[in-house]
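In: Build me a structure from this.
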Amino acid sequence: MDMSPGKKPAILVIEADASLRRLIALGLQNRDMHVIEASSAITIPTVDLQQLDLLVIDIDASVRHRQSLPEAIQQHPQLSLLPTIILSWEDAALEPTTSSSVVTATATQVLCLPKPFDARKLHRAIERLLQVRAESLAQEEARAEALLLASYTSHTAPSPWPVVTAAGLLLAMIGMLVQVAVAVIGFLIVIIALLLWTLGSKRSVEASETRPAHVGA
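Out: Down below sits the predicted model:
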């Protein structure tokens, strides 16, 4: 069951008695549930059955055309997976030979409610099955997420190549900085040498010009 905000539980009620079916639907609608009504398995409206959360069926053995309703539910790909509440006037309809096929078909919890039944009991049973379904779906989602995370972790083991790449880039930057530093030092040496060379040449010229004057004096 999708427990997202604003989403009403969707209940499919299969009941041949139109008056009883309508009473059940009104009671559930008053409890803020979305109800889909059908008189038999072959008259189910065209809806997205994957959006259903629960099934309420009447399997009275005295109603001839509904004798195969459990079998029809069992063979249905979507309905067979829903939690189910079985209604019946006769205790014989709730014998294990009858209800076991539904239990096997749904693969979820099934509750049998003999008629006449208290509407409050029906509502409590529906709420309990919806809660069980919601918890079951939450557990399935948690397991699926855990398996997905485990699969992702196993296929994404830490790789050394990002570290090697970063180290290579660092060495390249260091090498470039060293080259720049060496070039700057070379330029400084050239400039200093030129300055000293110029000063030395100037002093030599001055010295050569002043020597004859001292000899003549």
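In: tell me which residues in stretch 111-126 are buried?
Out: Within stretch 111-126, the residues that qualify as buried are 111-113, 122-123, 125-126, counting by 16 or more other CB atoms under 10 Å. The way it works is simple: take the backbone N, C-alpha and C, and place the C-beta from them, glycine included.
In: Which ones among those residues map onto strands?
Out: Within those, residues falling in strands by DSSP state E are 111-113.
In: Looks like residue 58 contacts residue 84 (just checking).
Out: No. Applying CB atoms under 8 Å, one finds residue 58 not in contact with residue 84, separated by 11.4 Å.
In: Could you give the average pLDDT over the helix ranked longest in the chain?
Out: Identified as the longest helix of the chain according to DSSP state H is helix 161-216. For helix 161-216, the mean per-residue pLDDT is 83.
In: For residue 31, give its distance to residue 83.
Out: 16 Å (CB to CB, to the nearest Å).
In: neighbour count winner among these two?
Out: Per other CB atoms under 10 Å, whichever of residue 31 and residue 83 has more neighbours is residue 83, with 23 against 14.
In: nearest residue to the more buried one other than its sequence neighbours?
Out: With CB to CB, 6 or more residues apart in numbering as the criterion, residue 83 has its nearest non-adjacent residue at 4.1 Å, and that residue is residue 129.
In: so where does the one you found fall, helix or strand?
Out: Assigned by DSSP states H and E, residue 129 belongs to helix 119-155.
In: what comes up buried for that helix?
Out: Residues of helix 119-155 classed as buried: 122-123, 125-126, 129-130, 133 (neighbour count, 16+ other CB under 10 Å).
In: go on, stretch 41-50?
Out: Applying a neighbour-count criterion of 16+ other CB under 10 Å, one finds 41, 44, 49 buried in stretch 41-50.
In: Following the record's annotation, map out the domains of this structure.
Out: For the chain, automatic domain parsing gives the domain ranges 10-154, 170-209.
In: Including distance to residue 163, could the ones you listed go into TSV?
Out: Shown next, in TSV, are the domains of the chain (distance: least, CB to CB, whole Å):
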stretch	distance to residue 163
domain 10-154	19
domain 170-209	11
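In: Any regions of the chain where pLDDT drops low?
Out: Scanning the chain for pLDDT under 70 picks out the ranges 1-6, 60-68, 90-108, 153-158, 211-217.
In: Tell me how far the residue nearest the centre of it lies from residue 138.
Out: Centroid check for the chain by CA atoms, centre = their mean gives residue 145 as the closest residue, at 6.8 Å. Residue 145 sits 11 Å away from residue 138, going by CB to CB.
In: got it, and residue 206?
Out: Counting by CB to CB, the gap from residue 206 to residue 138 is 99 Å.
In: quick one on the thing from earlier: mutual contacts of residue 145 and residue 138, please.
Out: Residues within reach of residue 145 and of residue 138 at once, by CB atoms under 8 Å, 6 or more residues apart in numbering: there are none.
In: That's all I had, so thanks and see you.
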